[in-house]
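>>> Next input, structure requested:
(chains A and B)
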Number of protein chains: 2
Amino acid sequence: MPNSTSVQHTPLPTFADVEAAADRLCDIAQHTPVFTCTTASALLGAGVHCYFKAENLQRMGAFKFRGAYNTLSQLDAEARARGVIAYSSGNHAQAIALAARILGMPAVIVMPEDAPAAKVAATKGYGAEVIMYNRYTEDRGAIANKIAAERGGMTVVPPFNHPHVIAGQGTAALELLQDVPDLDYLFVPLGGGGLLSGTLLAAKHLAPQCKVYGVEPEAGNDGQQSLRAGHIVTIPTPRTIADGAQTLALGDLTYAIIKENVTDILTATDEQLVEVLRFYAERMKLVVEPTGALSLAGARYSGIDFTGKKVGFIISGGNVDMATYGKLLSEGLWGLK
Amino acid sequence: MPNSTSVQHTPLPTFADVEAAADRLCDIAQHTPVFTCTTASALLGAGVHCYFKAENLQRMGAFKFRGAYNTLSQLDAEARARGVIAYSSGNHAQAIALAARILGMPAVIVMPEDAPAAKVAATKGYGAEVIMYNRYTEDRGAIANKIAAERGGMTVVPPFNHPHVIAGQGTAALELLQDVPDLDYLFVPLGGGGLLSGTLLAAKHLAPQCKVYGVEPEAGNDGQQSLRAGHIVTIPTPRTIADGAQTLALGDLTYAIIKENVTDILTATDEQLVEVLRFYAERMKLVVEPTGALSLAGARYSGIDFTGKKVGFIISGGNVDMATYGKLLSEGLWGLK
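Below you'll find the model as predicted:
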């Protein structure tokens, strides 16, 4: 990891950075709606009020647009002309592609061969060049760095471990907490930690009373392991339907913010994610991707007593292959075999 | 039809009735969001702006709540105590059940045996008693009248041919046209005509420039036939996935308003409805029932030149059995065989 020295010296982003990101994103990103749902509230207990921040209705279908645009819009004219390169299992790819198109920049995206077809198609649809790699045998970071150098210094934007990315992702919780300031709990999907660490920066400042939980796939609980171990734990690529949370490890920036501020990290099984996907579709009429279902799944099976509390959830995205999604709704996990 | 004489003398509802309904529904019904979508706009032509009134996010998942509550809330205390009975392929049933529960009234719902399981379950969940009948051999109106009489005079609320129902349904378009006053076109799903006739009352007053189209399933185009023939045409129960538009004929009230004010009535095939369902799920992250897809399907295949125009769509509802919906997304119509 030749970049690790410089990364370690990167200062952590602050709440002021989240506020500055919100200014940059104003009129560019969607201020997504916050939905309530009496059925979900009743499921969690008596007198519970649930609030769902619908980032599946964000531009390109996920919160990732916030961090991508916040990062690219701070590049100078020369860097913009050289273009941007990113590696991603899907939503970061589309986010960079769309943000680059808005800013008039060339974009190259390094994507795993087994990324959902809809995400690959959408990334190409935003005008980006897509280069495929094998998620289980190749190092996407190395591939991206090589191409960036070959093409005369494209800017590499990592999917989560970057202060501008983190600050941008924090604007989703910023909006939620401006709309509903007195949340008691907030549940957030956790992959590499960009969304969770950004959320923690916003919550610490705007709602210090609010307990913030990250929720990972059970098969990919590197964040939970890291929190317990007191250092960043790296795992093999997890097999889970939550393709947006198949990360191997937190970054040093996201880990530092999470370990300092998070209440705890929970997990959810693929079976629980399917149940929650169906709930969102049947009762709230929302298409949510498996990763986006982590937050509600984590809370639902946490054993926490929510009686009389206000509970927030970030629905991180809604980009899911329709063939896969349809099978999950009609047949469950067996439909994918 | 022993009731037809009295029905013929019922005065047609007016825009003032729609406004009064909006006052009754304020703080009771959801003021549902209006979504835009650049992909849909691009599909319809250059410079097109699309606006989607998301009644799938209405209470109980469809616009029908508006008409049901507007009707029941005008009953006096005695009539409320006697209770309400309704016959419906689904959404009207849930709407009456929920409105009755809110108003503290007993409710009996006569439902077809092949109604979607989710709709039957939801109706029972709202506390109503459900009585089943065979859609292809029995007369639901006669069954409802018999039960109403047996139980000491329950109020029968028909699903569309009633001035208070029509006025209530018109509040969806009222809200849409208050949010987007300068629509050039508005497309509306058409079953028995409650939503379309209410919409026409609102549009005539608020947006006289706006061309309003009803859209029926191709297999159930009784409304289109009626408009062409100049009188109400009755058809056998149509076989279509748009279960909310399997009506046999318009009512005399809805027909009178429609023939006077509608621009035209279009149709959509089941194949087109599946394509549009997938579009809503994939691009707009919205779960829409087949009947709710009629409006966009009708516009998409109308051949109308929408260049530079503002086009509105009412998404009438989102109540669809998850097993059926999942198969439609993953396999299309073949999944239902």
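>>> Would you mind putting the CA coordinates of the longest helix seen in chain A into CSV?
If you go by DSSP state H, chain A has its longest helix at helix A:163-179. Extracted C-alpha coordinates of helix A:163-179, given in CSV (Å, rounded to 0.1, in the frame of the first residue of the first chain):
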residue,chain,number,x,y,z
PRO,A,163,-12.4,13.4,3.5
HIS,A,164,-14.4,15.1,0.8
VAL,A,165,-16.3,11.8,0.1
ILE,A,166,-17.1,11.4,3.8
ALA,A,167,-18.2,15.1,4.2
GLY,A,168,-20.5,14.7,1.1
GLN,A,169,-22.1,11.6,2.4
GLY,A,170,-22.8,13.3,5.7
THR,A,171,-25.2,15.7,4.0
ALA,A,172,-27.9,13.0,3.9
ALA,A,173,-28.0,12.8,7.7
LEU,A,174,-27.6,16.6,7.9
GLU,A,175,-30.9,17.0,5.9
LEU,A,176,-32.6,14.3,7.9
LEU,A,177,-31.6,15.9,11.2
GLN,A,178,-32.7,19.3,10.0
ASP,A,179,-36.1,17.8,9.1
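>>> Would you mind listing what in chain A touches chain B?
Within chain A, the positions adjacent to chain B are A:33, A:35, A:56-57, A:61, A:118, A:278, A:281-282, A:285-288, A:318, A:322-331, A:335 by CB under 8 Å from any CB of the partner chain. All C-beta spots, glycine's among them, are computed from the backbone N, C-alpha and C.
>>> For A:Q94, which non-adjacent residue is closest in space?
Counting by CB to CB, 6 or more residues apart in numbering or on different chains, A:Q94 lies nearest to A:M60, which is 4.5 Å off, once chain neighbours are set aside.
>>> for A:D17, same thing?
In space, A:D17 is closest to A:A167, 3.8 Å off (CB to CB, 6+ apart).
>>> do A:V215 as well
With sequence-adjacent residues excluded and distances taken as CB to CB, 6+ apart, A:V215 is closest to A:G298, at 3.1 Å.
>>> Which other helices and strands does the helix or strand that neighbour falls within contact?
Counting by DSSP states H and E, the element that carries A:G298 is helix A:294-300. Here helix A:294-300 touches helix A:38-44, strand A:185-189, strand A:211-217, strand A:264-268, helix A:270-284, strand A:310-315, going by 3 or more CB pairs under 8 Å, 6 or more residues apart in numbering or on different chains; DSSP states H and E.
>>> How far does that helix sit from its chain's centre?
How far helix A:294-300 lies from its chain's middle: 15 Å, per CA atoms, centre = their mean, to the nearest Å.
>>> and the residue of the stretch 51-200 of chain A found nearest chain B, backbone torsions?
Residue nearest to chain B within the stretch 51-200 of chain A: A:N56 (4.6 Å; CB to the nearest CB). Backbone geometry at A:N56, expressed as degrees, to the nearest 10, gives phi -70, psi -20.
>>> neighbours of it, just the number please.
A count of nearby residues for A:N56, using other CB atoms under 10 Å in any protein chain shown, gives 25.
>>> you'd agree it is up against B:K285?
Yes. Using CB atoms under 8 Å, A:N56 is in contact with B:K285, at 4.6 Å.
>>> any residues in contact with both of those two?
Residues touching both A:N56 and B:K285 (CB atoms under 8 Å, 6 or more residues apart in numbering or on different chains): A:L286, A:V287, A:V288, A:G318.
>>> Just the buried residues out of those residues, in PyMOL syntax.
Here is the PyMOL command that selects the buried residues among the shared contacts of A:N56 and B:K285 (16 or more other CB atoms under 10 Å in any protein chain shown):
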select buried, chain A and resi 286+287+288+318
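>>> Include pLDDT when you put the shared contacts of A:N56 and B:K285 into a markdown table, please.
Below are the shared contacts of A:N56 and B:K285 laid out as a markdown table (pLDDT from 0 to 100):
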| residue | pLDDT |
| --- | --- |
| A:L286 | 98 |
| A:V287 | 98 |
| A:V288 | 98 |
| A:G318 | 96 |
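>>> Report pLDDT for the closest residue to A:G332 other than its chain neighbours.
Ranked by CB to CB, 6+ apart and with sequence neighbours excluded, the top spatial neighbour of A:G332 is A:V274, at 5.4 Å. According to the prediction, A:V274 has pLDDT 97.
>>> count of neighbours near A:L183?
Other residues near A:L183 number 24, with proximity taken as other CB under 10 Å.
>>> Quick one: residues contacting it.
A:Y51, A:L176, A:L177, A:A207, A:C210, A:K310, A:V311, A:G312.
>>> Now pLDDT too, for these, in CSV please.
Formatted as CSV, the contacts of A:L183 follow (pLDDT from 0 to 100):
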residue, pLDDT
A:Y51, 98
A:L176, 98
A:L177, 98
A:A207, 98
A:C210, 98
A:K310, 98
A:V311, 98
A:G312, 98
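>>> A:I102: which of these is nearest?
Using CB to CB, A:L176 is the member of the contacts of A:L183 that lies nearest A:I102, at 23.8 Å.
>>> just checking, the closest one touches A:K53?
Yes. Counting by CB under 8 Å, A:L176 does reach A:K53; the two are 4.3 Å apart.
>>> My guess is the residue nearest to A:D17 contacts A:R24. True?
No. Contact between A:A167 and A:R24 fails when scored by CB under 8 Å: they sit 9.4 Å apart.
>>> intersection of neighbour lists for these two?
A:N70.
>>> More neighbours: which of the two?
A:A167 (31 against 20).
>>> Contact partners for the more buried one?
Contacts of A:A167 were listed using CB under 8 Å, 6+ apart, and they are A:P13, A:D17, A:V18, A:A20, A:A21, A:G67, A:N70, A:G198, A:L201.
>>> and these as a markdown table, adding distance to A:G153?
A markdown table is the format used below for these (distance: CB to CB, whole Å):
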| residue | distance to A:G153 |
| --- | --- |
| A:P13 | 24 |
| A:D17 | 25 |
| A:V18 | 29 |
| A:A20 | 26 |
| A:A21 | 25 |
| A:G67 | 22 |
| A:N70 | 21 |
| A:G198 | 28 |
| A:L201 | 30 |
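>>> Need the overlap of contacts for A:L176 and A:K53.
Counting by CB under 8 Å, 6+ apart, the common neighbours of A:L176 and A:K53 are A:V34, A:G312, A:I314.
>>> Among these, which one sits closest to chain B?
Nearest member of these to chain B, counting by CB to the nearest CB, is A:V34, at 11.2 Å.
>>> is it true that that closest one touches A:F52?
Yes. The criterion here is CB under 8 Å, and A:V34 meets it with A:F52 at 6.6 Å.
>>> Pretty sure the residue nearest to A:G332 sits against A:L333.
Yes. With contacts counted by CB under 8 Å, A:V274 reaches A:L333, the gap being 5.9 Å.
>>> Find the residue at the geometric middle of chain A.
Here the mean C-alpha position of chain A is nearest to the C-alpha of A:L195 (CA atoms, centre = their mean), at a distance of 5.0 Å.
>>> ok, now which ones touch it?
With CB under 8 Å, 6+ apart, A:L195 has these contacts: A:F63, A:F160, A:Q169, A:A172, A:V188, A:P189, A:I314, A:S316.
>>> Could you do A:T171 as well?
By CB under 8 Å, 6+ apart, the contact list for A:T171 reads A:V18, A:A21, A:A22, A:L25, A:A29, A:R66, A:N70, A:G198, A:A202.
>>> Mind picking the two most distant members of those residues?
Spatial extent of the contacts of A:T171 (CB to CB) is set by the pair A:A29 and A:A202 at 14.6 Å.
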